[in-house]
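Asks: Quick one, structure for this:
(chains A and B)
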There are 2 protein chains.
Amino acid sequence: MAIKFEVKHTCSQSGARYGILQIGEQQFETPMFMPVGTNATVKTLSVEELKQVSDGLILANTYHLWLEPGPEVIELHGGVKNFMNWDGALLTDSGGFQVFSLSSLRKITEQGVHFTNPINGDKLFLSPEKAIEIQNILGADIMMSFDECPPIDLPKTQLKESIERTLRWAKRGKNSHQTEQALFGIVQGGLDLELREYSALKTIEIGFPGYAIGGLSVGETKQEMYEVVKFLKPILPQDKPRYLMGVGTPDDIINSVIHGIDMFDCVLPTRNARHGQAMTTSGKIQIRNKIYQTDLSPLDPGLDTHVNNYSKSYLRHLFRQKEILGMRLLSYQNLAFLKDFMAKIRQAILENRLLDFKKEFYQKYYFKK
Amino acid sequence: MAIKFEVKHTCSQSGARYGILQIGEQQFETPMFMPVGTNATVKTLSVEELKQVSDGLILANTYHLWLEPGPEVIELHGGVKNFMNWDGALLTDSGGFQVFSLSSLRKITEQGVHFTNPINGDKLFLSPEKAIEIQNILGADIMMSFDECPPIDLPKTQLKESIERTLRWAKRGKNSHQTEQALFGIVQGGLDLELREYSALKTIEIGFPGYAIGGLSVGETKQEMYEVVKFLKPILPQDKPRYLMGVGTPDDIINSVIHGIDMFDCVLPTRNARHGQAMTTSGKIQIRNKIYQTDLSPLDPGLDTHVNNYSKSYLRHLFRQKEILGMRLLSYQNLAFLKDFMAKIRQAILENRLLDFKKEFYQKYYFKK
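Replies: Reported below is the predicted structural model:
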């Protein structure tokens, strides 16, 4: 197997885990955040910049790369990492989430999902085996099981059926998987704790080198989400990495870390950046705001990056003029912020003071004047 | 005066000039190309990248910066260079060209031009004195006289009137100019050689540290343009830099260099880049073209940049997905190409073989199979 994971320390104050995830020759400290490079590029950034503002593990989306440029083109390059010239590590999702959220005329069968390619109207079919086949070609270090992502309000009977199908799909995916890439299982179950437990235990039974929690961050409240994550803490295997998919925001990250999560990904830091929202060590700001028109101060004196070479006034100007440099600088800032944030979380875990850190962080980031 | 210029060598084969333009403490070899940073940013690029792909002198547009963010905001920063964190040199135009090409409800009087701000409908007025006042605040090393840009097909009587007015404006601008910034005069006259000579002689009479040729590259044929530039070669002062505004393409640059031009600017290299058109040492290519779908070769093996870390196939994918990284990489490529091209032109001038170089270049760039 291409990955190894070890929990090196558990925070005595919070129960959060500090670990080392080894992928091939590369070591990654957890908890960690993975920037999202949907189309084999983290939007607006070069790989050189991405090296600086990530911990070295990024995500790409199987669904998007399957449709464009297609697995054939990526296979010619020897995988996504070569394709995008990324010498770090890579995780791909299964394509399932996008099939459920982006495609039209979707039909779920036991075999898999039939849907229509929104780009050209082609009929497509994604199954557990197909998701593995594509991900084998994409060549990520970590790949994900093909799962069904049921809507958050699905009645329990149907949710149970969906979970059973996802479990059968997980088994089929694992059986068809032949490469050295690590394949993670995904726990579903919506907000129903009984079903979450069932899904977790059955997924663990199949056996994977890592487990993701799926089906969250899809419209439920933060408290509902935290409750599920907390509930799964003692159920998921202690010695395997835990990945909370599609999360998130600083508060979601820190609360989920407290509940044992090791890995995160989210498009929001870069998407919000492209709309002028900057994450800084003293809180979020919308740089288009009129108050920054004549503000000569740098964006975030608390974070040492080249973004501070520019005034807020200049950044605002770039956004008002829809200049790409503005989106670049804020994307860089937001990922640099999250990288720094994760490093501080890991430090606090090692110092057994994550709850104190959380309080301090909230004070500075959310409750500032 | 903030600038000095000296012709160091004249190509015995072509008559082209190699010179040194000194701006403050910085020296620039000519002929040179200036990338255009309309809104105080060369679109898609960071200043660090711009350092790499320019010769250190760039252009910003007075009209755009006057409207947004406004001279007050730029004055707070101590000028455009500080505003955009550019430690190279800067040239600003007068705003005249944009008033004539972009604004609506324009009314020209002897005093100046009344027009409507297309962003908010405000009534604005630009005059020779106002253009100097704004450019003083923008703080470029080189600024331009406020001139009228008549349409290329204006009848001779009206063209003469326009030239006379531009001459009176040039005088007024020079009289109102008080700073150490260098102010260049602009020769107008359309395609009428008699009027070009008149405009040139009268502008030289007023006296400027550099002369631009305006009113070209506005719809005339290449041969018509070259004829005007060639005609002005013996008329313009030998010891002053000559700037051909808004040009251009490699063929226009090399032919104008042969006719004595020292400085160029043009938005096309970066604008075309954003639309997928790459300039390479073996010719132009449209990267969106289907033939590049599976092309694993780098964009331009003849030019050593990091853009060659990516396959044409990947670049095509980025453009199909409208990914900003694609626009960044091609903007970088096109400016790197032009920087290299200008360096080769200067070398050929010093070796008295610019006509040979032109032939070799055309063969490779325009006549390739």
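Asks: Spell out which residues of chain A are next to chain B.
Replies: Residues of chain A lying near chain B by CB under 8 Å from any CB of the partner chain: A:39-41, A:43-46, A:48, A:64, A:68-69, A:72-73, A:76-77, A:83-85, A:293-294, A:296, A:306, A:309-311, A:313-314, A:316-318, A:320-321, A:323-325, A:327-328. Bear in mind the C-beta positions are built from the backbone N, C-alpha and C, glycine included.
Asks: make it 6 Å
Replies: Residues of chain A lying close to chain B by CB under 6 Å from any CB of the partner chain are A:39, A:41, A:44, A:69, A:73, A:76, A:83, A:85, A:294, A:309-310, A:313-314, A:317, A:321, A:323-325.
Asks: for the helix or strand encompassing A:Leu338, packing partners?
Replies: Assessed by DSSP states H and E, A:Leu338 sits inside helix A:324-350. Here helix A:324-350 touches strand A:17-23, strand A:32-34, helix A:47-53, helix A:268-274, strand A:277-280, helix A:312-320, going by 3 or more CB pairs under 6 Å, 6 or more residues apart in numbering or on different chains; DSSP states H and E.
Asks: quick one, phi psi at the nearest residue to A:Ile261 once chain neighbours are set aside?
Replies: Nearest residue to A:Ile261, sequence neighbours excluded (CB to CB, 6 or more residues apart in numbering or on different chains): A:Leu244, at 4.6 Å. Main-chain dihedrals, A:Leu244, degrees, to the nearest 10: phi -100, psi 110.
Asks: What of A:Gln98?
Replies: phi -70, psi -40.
Asks: And for it, the neighbour number?
Replies: Using other CB atoms under 10 Å in any protein chain shown, A:Gln98 has 20 other residues around it.
Asks: so what's it up against?
Replies: A:Tyr63 (CB atoms under 6 Å, 6 or more residues apart in numbering or on different chains).
Asks: can you check the one 4 residues further on too?
Replies: When contacts are counted by CB under 6 Å, 6+ apart, A:Leu102 touches no other residue.
Asks: can we see that at 8 Å?
Replies: By CB atoms under 8 Å, 6 or more residues apart in numbering or on different chains, the residues touching A:Leu102 are A:63, A:118.
Asks: And for A:Ile258?
Replies: A:Ile258 neighbours (CB under 8 Å, 6+ apart): A:14-16, A:354-355, A:358.
Asks: From A:Thr249, how far off is it?
Replies: As for A:Ile258, its distance to A:Thr249 is 14 Å (criterion: CB to CB, to the nearest Å).
Asks: and chain A, what are its domains?
Replies: A:3-266, A:267-369 (automatic domain parsing).
Asks: Switch those domains over to CSV; also include mean pLDDT.
Replies: Output for those, formatted as CSV (pLDDT from 0 to 100):
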stretch, mean pLDDT
domain A:3-266, 95
domain A:267-369, 97
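Asks: Dump the ones you listed into a markdown table; add distance to B:Gln238 as well.
Replies: Below are the domains of chain A laid out as a markdown table (distance: least, CB to CB, whole Å):
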| stretch | distance to B:Gln238 |
| --- | --- |
| domain A:3-266 | 44 |
| domain A:267-369 | 40 |
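Asks: in the stretch 101-250 of chain A, what residue is nearest chain B?
Replies: A:Ile119 (9.9 Å; CB to the nearest CB).
Asks: And the residues of chain A next to chain B, which of them are buried?
Replies: Among the residues of chain A next to chain B, those classed as buried by neighbour count (16 or more other CB atoms under 10 Å in any protein chain shown) are A:39, A:41, A:44, A:69, A:73, A:76, A:83, A:85, A:294, A:310, A:313-314, A:317, A:321, A:323-325.
Asks: residues contacting A:Gln52?
Replies: A:332, A:336.
Asks: what's in contact with stretch A:354-369?
Replies: Stretch A:354-369 has contacts (CB under 8 Å, 6+ apart) with A:11, A:13-14, A:16, A:250-251, A:254-255, A:257-258, A:281-284, A:341, A:344-345, A:348.
Asks: Mind doing that once more with 6 Å?
Replies: Residues beyond stretch A:354-369 that count as contacts (CB under 6 Å, 6+ apart) turn out to be A:11, A:13-14, A:16, A:254, A:282-283, A:348.
Asks: Which members of those residues occur in strands, if any?
Replies: A:Gly283 (DSSP state E).
Asks: Quick one: the contacts of stretch A:354-369 as TSV, columns for neighbour count and distance to B:Asp153 too.
Replies: Shown next, in TSV, are the contacts of stretch A:354-369 (neighbours: other CB atoms under 10 Å in any protein chain shown; distance: CB to CB, whole Å):
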residue	neighbour count	distance to B:Asp153
A:Cys11	22	77
A:Gln13	17	80
A:Ser14	23	77
A:Ala16	27	74
A:Ile254	26	68
A:Ser282	12	59
A:Gly283	15	58
A:Ala348	24	72
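Asks: just the contacts of stretch A:354-369 now: which is nearest chain B?
Replies: Closest approach to chain B among the contacts of stretch A:354-369 (CB to the nearest CB): A:Ser282, at 22.0 Å.
Asks: Torsion angles phi and psi at the closest one?
Replies: Backbone dihedrals for A:Ser282, given as degrees, to the nearest 10, come out at phi -110, psi 20.
Asks: same check, this time on A:Met144
Replies: Torsion angles, degrees, to the nearest 10, at A:Met144: phi -120, psi 150.
Asks: what do you get for A:Asp239?
Replies: Given degrees, to the nearest 10, the pair of backbone angles that A:Asp239 has is phi -100, psi 10.
Asks: Same check on A:Met143?
Replies: Taking degrees, to the nearest 10 as the convention, A:Met143 sits at phi -130, psi 170.
Asks: picking that back up, now the helix holding A:Leu338 and helix A:312-320, what's the angle there?
Replies: With axes from the mean of the first three to the mean of the last three CA atoms, to 10 degrees applied, the angle from helix A:324-350 to helix A:312-320 works out at 120 degrees.
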